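Chemist: What would the 3D arrangement of this be:
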Amino acid sequence: MSRKVLVAGGGTMGAGIAAIFCAGGWDVQVVEPDADAAATLPQRVADCLMQLEQTGSVPRVVSTLDAANWQSIEIVVECLPEDLGMKQHFFGQAVSLAPAQAILASNSSSFPISSIALGLATQHRMAGLHFFMPAHLVPLVEVVSGELTARETADTLCAIMTALGKRPVHVRKDIPGFLANRIQHALMREALSLAEQRIASPEDIDTAVQFGFGMRFLGAGPFLQKDFAGLDIHHAAGTTIYPDLCNDTAPSVFIADRVEAGEFGVKSGKGFYEWDDEKIAEERAKYQAALIAALKLVSA
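Modeler: Numbering: from 1, shown residues only. Modelled structure (predicted):
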């Protein structure tokens, strides 16, 4: 008998997460109230499976929680918009519908699971389960323990993700940004500072990351890479570089001014780059092809 998962939300993240479970042979249900999103969901999941070169049954899509079959559900993965009240309301309902032992997980990228679970008697079996877009192609998944999350809950989630071919990491403290996003924001803060000071252009900074240490990081993370290079060398370099690094506590004006002007990137046609439909399609295709190639390398 197939193991059962319920995914709440059939947007881009929800479709990718559903595909991961479908590829693993799970029985998947997706709750998506928007009729248009629900209608396209099976094909979007099928497209994800094709990119993974995997087969699997497409999920059953329902419009409400009450319409779902909750019997034998092992895990609930919430992928709703980043609205704390909406997430709290969802889990308040799910608690009364899900089996008593089901793990209740949130894909929130910003809200602590402790805040989402506040006041619920099920906090011991609630955790963050943070995927990275596109969820079906990026192996990393953060399993985030809240203040009252049971270790068994985190261990079970890590085991499930590993069995599905993902690379889970256990974030033992529910801090803002969890693990990977904190590292990404530290990098981005320095990148924005360099661009704001006109030390380098956004294009050259992108090139430095993509074709320099970004390529090396595919083979080794920062600690392993420094062991290869020598900790003495890093320590000596850090003595010179660290005092000069940006340590601003607010976002750079280099990005704040663009946000104020409505320049959000691809979605508005302008950000750090100019965008039209042709360029968007071209760059997205290149990005997706690179991710698929990278996934094959790290999965070998």
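Chemist: What segments of the chain are strands?
Modeler: 4-8, 27-31, 60-62, 73-78, 103-106, 126-131, 140-145, 167-171 (DSSP state E).
Chemist: Show me this structure divided up by domain.
Modeler: Domains of the chain are assigned by automatic domain parsing as 4-171, 181-299.
Chemist: Give me whichever of the ones you listed is most buried.
Modeler: domain 4-171 (a mean of 19; mean count of other Cβ atoms under 10 Å). Glycine gets a C-beta too; all of them are placed from N, C-alpha and C.
Chemist: So what's the model's average confidence on that one?
Modeler: Averaged over domain 4-171, pLDDT sits at 95.
Chemist: Quick one: residues contacting the closest residue to Ser114 other than its chain neighbours.
Modeler: Nearest residue to Ser114, sequence neighbours excluded (Cβ to Cβ, 6 or more residues apart in numbering): Gly146, at 3.9 Å. Gly146 makes contacts with Pro112, Ile113, Ser114, Ala117, Gln123, Met126, Ala127, Gly128, Asp174, as judged by Cβ atoms under 8 Å, 6 or more residues apart in numbering.
Chemist: Can you lay out those as CSV showing distance to Ile75?
Modeler: CSV is the format used below for the contacts of Gly146 (distance: Cβ to Cβ, whole Å):
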residue, distance to Ile75
Pro112, 20
Ile113, 14
Ser114, 19
Ala117, 15
Gln123, 16
Met126, 11
Ala127, 10
Gly128, 13
Asp174, 19
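Chemist: From the residues you listed, pick the one nearest Ile73.
Modeler: Distance to Ile73, by Cβ to Cβ, is smallest for Met126 among the contacts of Gly146, at 14.4 Å.
Chemist: Quickly list what Asp29 is bridged to.
Modeler: That one is not Asp; residue 29 is Gln. Leu6, Arg60 (DSSP bridges).
Chemist: List the contacts of it.
Modeler: Contacts of Gln29 (Cβ under 8 Å, 6+ apart): Lys4, Val5, Leu6, Val7, Pro59, Arg60, Val61, Val62, Ala68, Asn69.
Chemist: Need the max-distance pair from those.
Modeler: Using Cβ to Cβ, the pair of these lying farthest apart is Lys4 and Val61, separated by 14.8 Å.
Chemist: all helices for the stretch 201-300 of the chain, in order.
Modeler: Assigned by DSSP state H, counting those that start in this stretch, the helices in the stretch 201-300 of the chain fall at 202-208, 214-217, 222-229, 231-241, 253-260, 277-299.
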